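Colleague: Show me how the following folds:
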Amino acid sequence: MSDSAPALLTAKDLVVAFNDRVILDTATLALHEGARVGLVGRNGTGKSTFLKILAGLHTPDSGEVAARRGLVISYLSQEFTLDPKKTVLENIRDGASHVLGLIKEFESLPAESKRHEVLEERIAQLDGWNLDNRIETAMSHLGTPPGDRDITSLSGGEKRRVAMCRTLVSRPDLLILDEPTNHLDPEAIEWVAEFLENFGGAFLVVTHDRWFLDRVTTLTVELAEGQFFSYDGGYSEYLLAKAERQRSEAVVEHKRQMFLEKELAWVRQGPRAQRSKQKNRFERYYETAAQAGPPIEEDMELVIPPPPPLGNRVVELNNLGIEFGGRVLFRNFTHTFENGQRIGVAGRNGVGKTSLLKAIIGDLAPSEGTSKAGQLTKFNYVDQSRLQLREDRTVIDEVSDGTEFVIWGDGKLSLRAYLKRFLFTDDRINLQVKYLSGGERSRLLLARILKQGGNFLILDEPTNDLDLNTLRVLEEALIAFPGVVLVVSHDRYFLNRVCTGIFAFEGDERISYSVGDYEYYIEKKRRAAAPTALAAAPLQSAPKSAGTKPAPTTRDGAPKSTGGKRKMSFKETRELDDMENQVYLVEEQIGRVENLFADPEFHKTQATHTNALIAELAAHKVKLNQLYKRWEELETLKAAS
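Modeller: Residues are numbered from 1 along each chain as shown. Modelled structure (predicted):
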């Protein structure tokens, strides 16, 4: 949304400091009508604090927040609270209390009241008369527990979905969402994305889900070094623009360093400083030397110890099935793992993804079939539960378990050096776990478990609470891992970047295996459904004839267009057979270029190629669209023939 639109909320010159650490340093940001803003930044930079300030739950040390009169804000925080004395439905309806208040006032007024018309118009604007239907729809798509359930009986994930539902049904002027996709399955995330796309108000969202950011946002704001930096577009556009900004900063910094080097050589010659020209040159040198260079972003170097070699047999699943509590989760699943595979596991919550992982490592006996691991296969299972961390222990104690080193191939790495690669500074290494942020807890958990090694790495929801920079480093580490990776995640961007195959829980007690990333699986699934829809359409009855002439053909044997149905030519059949491979090759090229832009060293290694890479990426995307269009044409022709 353009800055020319009226401002809903303006935060000006905000300053927030915790002890000696400055979180916001005279930061200013305005949110306008219709704004679709994604707020990104490392964990600990102050994103959640800023959201609380906008929502009126936290007071800055200085600065001010000015809101439009009568502005209605709905805020989903990470530390949400629900009323334990109320049911699920009652808590959700609390989100629309301002709408219910208007309806109650409307119904209490006498029929001749002049305020009736005003209230009726406002209720209609808020879609208040349709509130019950909207609540029912949101509860269904978000997978909340039944409306009559007590809040005290819910799990953490269930409470999160109730809080999310309560926030969305309010229809405010401004939605503020802190990690809205947590504990949501892909279908629910898709619905929330569609909801926000059609939302009439403005919203500000903080999330680690990059696919979600690309889908719903039109402006990306990065919080770094206490300041806001705005970029038009979603996450992908932000990466490109940031890479260009870093390239420009690198050029300026290079010129500054060249000037300083030249002037330093002149200063060392000891010229007489009393001359005015020489004095001015001294002043210019010291002024330039005092300038700060562009901030250097420090990234975590995720260390996965070199795995032992795998044997010919890695893991073989044969007609595997699991029944739990009288309910069949899946059956007849067969797959042979091979070295180098990175497989993502996708599906709705509760379908059996974690059960599959536990059956593979032998922690859960299957109801049917077998799971056989090779003699050289060593599992390393990263559980999604954060209960493995002990609150009263320090960071280094949690990783050490009585040792001072991490085994690294044939050598050793000190624990402090190991933890520093996970971005734990000296002052944080001796801190107790209970004082860590969510992102630090995740990094500590990964540091603790990944040091155990193994050649078959299993990660259950590793992306929760990780910031975008840490996610990218984790992705690169998994891509480079010389073993087998099996990962459960609802993060589509993560699955697209890391995975070479997908295990998809599709319902009906079955798991399908698809080669390629998650987006490729979704596209194949959509295209597979298209011929089914065509086949289900009523057929036109063909006229009967005692004898028909052969269909006219071209020189190469292809049917001539007769304005009606025709059969596919041999050339078209071969083209369709190879289409999947062509699409996958172009998608690999797109991923290669996007990974270059995501590299923090981009401005150092690729700065001179920025424009060429942008053009190359655009060309690949055009080619991909052409291939998809042609694929659809061929599939339609195949179905019709």
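
Colleague: Helix or strand: which one has residue 494?
Modeller: helix 492-498 (DSSP states H and E).

Colleague: Would you map the helices across the stretch 301-450 of the chain?
Modeller: 353-361, 395-400, 415-420, 426-429, 438-450 (DSSP state H, counting those that start in this stretch).

Colleague: Tell me which of those helices lies nearest to residue 71.
Modeller: Residue 71 lies closest to helix 438-450 among those, at 29.2 Å (C-beta to C-beta). To be clear about C-beta, it is placed using only N, CA and C from the backbone, and glycine gets the same treatment.

Colleague: residue ranges with poor pLDDT in the stretch 251-400 of the chain?
Modeller: Residue ranges of the stretch 251-400 of the chain with pLDDT under 70: 259-260, 263-264, 266-303, 384-388.

Colleague: Residue 475 - that's part of a strand, no?
Modeller: No. With DSSP: H, G, I helix; E, B strand; the rest coil as the criterion, residue 475 is assigned helix and is not in a strand.

Colleague: Would you agree residue 129 is in contact with residue 120?
Modeller: No. In this structure, residue 129 is not within contact of residue 120 by C-beta atoms under 8 Å, at 9.1 Å.

Colleague: neighbour-wise, which of these two wins?
Modeller: Each of residue 129 and residue 120 has its neighbours counted (other C-beta atoms under 10 Å); residue 120 has more, 15 against 12.

Colleague: can you tell me which residues contact the more buried one?
Modeller: Residue 120 makes contacts with residue 106, as judged by C-beta atoms under 8 Å, 6 or more residues apart in numbering.

Colleague: wait, is it part of a helix?
Modeller: Yes. Counting by three-state DSSP, residue 120 falls inside a helix.

Colleague: On the strand side of things, show who residue 65 bridges to.
Modeller: Note on residue 65: beta-bridge partners by DSSP bridges are residue 11.

Colleague: From what I see, it and residue 8 are in contact.
Modeller: No. Counting by C-beta under 8 Å, residue 8 is not a contact partner of residue 65; they are 11.2 Å apart.

Colleague: ok, which stretches of the stretch 501-641 of the chain are strands?
Modeller: Per DSSP state E, counting those that start in this stretch, the stretch 501-641 of the chain carries strands over the ranges 501-507, 510-515.

Colleague: just to revisit the earlier point, now do the helix holding residue 494: distance to the chain's middle.
Modeller: Helix 492-498 sits 8 Å away from the centroid of its parent chain (C-alpha atoms, centre = their mean, to the nearest Å).

Colleague: Can you give me the neighbour number for the nearest residue to residue 80 once chain neighbours are set aside?
Modeller: With C-beta to C-beta, 6 or more residues apart in numbering as the criterion, residue 80 has its nearest non-adjacent residue at 4.2 Å, and that residue is residue 163. When neighbours are defined as other C-beta under 10 Å, residue 163 has 22 of them.

Colleague: buried residues in the strand or helix carrying residue 103?
Modeller: Taking DSSP H and E as the definition, residue 103 sits inside helix 97-108. Within helix 97-108, the residues that count as buried by 16 or more other C-beta atoms under 10 Å are 99, 102-103, 106.

Colleague: and that helix, what other elements does it pack with?
Modeller: On a contact count with 3 or more C-beta pairs under 8 Å, 6 or more residues apart in numbering; DSSP states H and E, helix 97-108 meets helix 115-125, helix 131-142.

Colleague: can you pull up the bridge partners for the closest residue to residue 430 other than its chain neighbours?
Modeller: Here the nearest residue to residue 430 in space, its sequence neighbours aside, is residue 394; by C-beta to C-beta, 6+ apart that works out to 5.3 Å. Counting by DSSP bridges, residue 394 forms beta bridges with residue 432.
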